[in-house]
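Engineer: requesting a structural model of the entry that follows:
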Amino acid sequence: MRTKRDPMLKYMANVVDFGEHSNNEIQRTVLPRTESGYKETLLIFDKFVELHPHSIIPPDI
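Structural biologist: As a prediction, the model looks like this:
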């Protein structure tokens, strides 16, 4: 006699042991090209704030 298999049974076997995990945030290095892009964007934004002192920060675009 065959019994019908419960489709939710496959999810019951996936058990996570939280004792093996930590809450440390993984931090990766920023590539030099990306960092220079950030610096350029910040310079442009600083110039914008200088030219538009009454603007909302952060800008409402």
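Engineer: figure out how far stretch 53-61 is from the centre of its chain.
Structural biologist: In terms of C-alpha atoms, centre = their mean, to the nearest Å, the centre of stretch 53-61 is set 24 Å apart from its chain centre.
Engineer: got the contact list for that stretch?
Structural biologist: Residues from elsewhere that reach stretch 53-61, judged by C-beta atoms under 8 Å, 6 or more residues apart in numbering: 48, 49. In short, each C-beta sits where N, CA and C put it, glycine included.
Engineer: what do you get for stretch 33-42?
Structural biologist: With contact meaning C-beta under 8 Å, 6+ apart, stretch 33-42 is reached by residue 30.
Engineer: any stretches of the chain with poor pLDDT?
Structural biologist: The model of the chain has pLDDT under 70 over residues 1-4, 8-16, 59, 61.
Engineer: quick one, longest helix in it?
Structural biologist: For the chain, the helix that runs over the most residues, judged by DSSP state H, is helix 32-51.
Engineer: just how off-centre is it within its chain?
Structural biologist: The chain centre lies 21 Å from the centre of helix 32-51; the measure is C-alpha atoms, centre = their mean.
Engineer: also stretch 36-52?
Structural biologist: The answer for stretch 36-52 is 23 Å, by C-alpha atoms, centre = their mean.
Engineer: and that stretch, which residues are buried?
Structural biologist: Using 16 or more other C-beta atoms under 10 Å as the burial criterion, none of the residues of stretch 36-52 qualify.
Engineer: for it, output the C-alpha coordinates as CSV.
Structural biologist: This file holds the C-alpha atoms of stretch 36-52, laid out as CSV (Å, rounded to 0.1, in the frame of the first residue of the first chain):
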residue,chain,number,x,y,z
SER,A,36,37.5,57.5,-6.5
GLY,A,37,33.9,57.5,-8.0
TYR,A,38,32.5,58.0,-4.5
LYS,A,39,34.9,60.9,-3.9
GLU,A,40,34.0,62.5,-7.2
THR,A,41,30.3,62.2,-6.4
LEU,A,42,30.8,63.8,-3.0
LEU,A,43,32.8,66.7,-4.5
ILE,A,44,29.9,67.3,-7.0
PHE,A,45,27.4,67.2,-4.1
ASP,A,46,29.5,69.6,-2.0
LYS,A,47,29.5,72.0,-4.9
PHE,A,48,25.8,71.7,-5.3
VAL,A,49,25.2,72.4,-1.6
GLU,A,50,27.5,75.5,-1.9
LEU,A,51,25.5,76.8,-4.9
HIS,A,52,22.1,76.0,-3.4
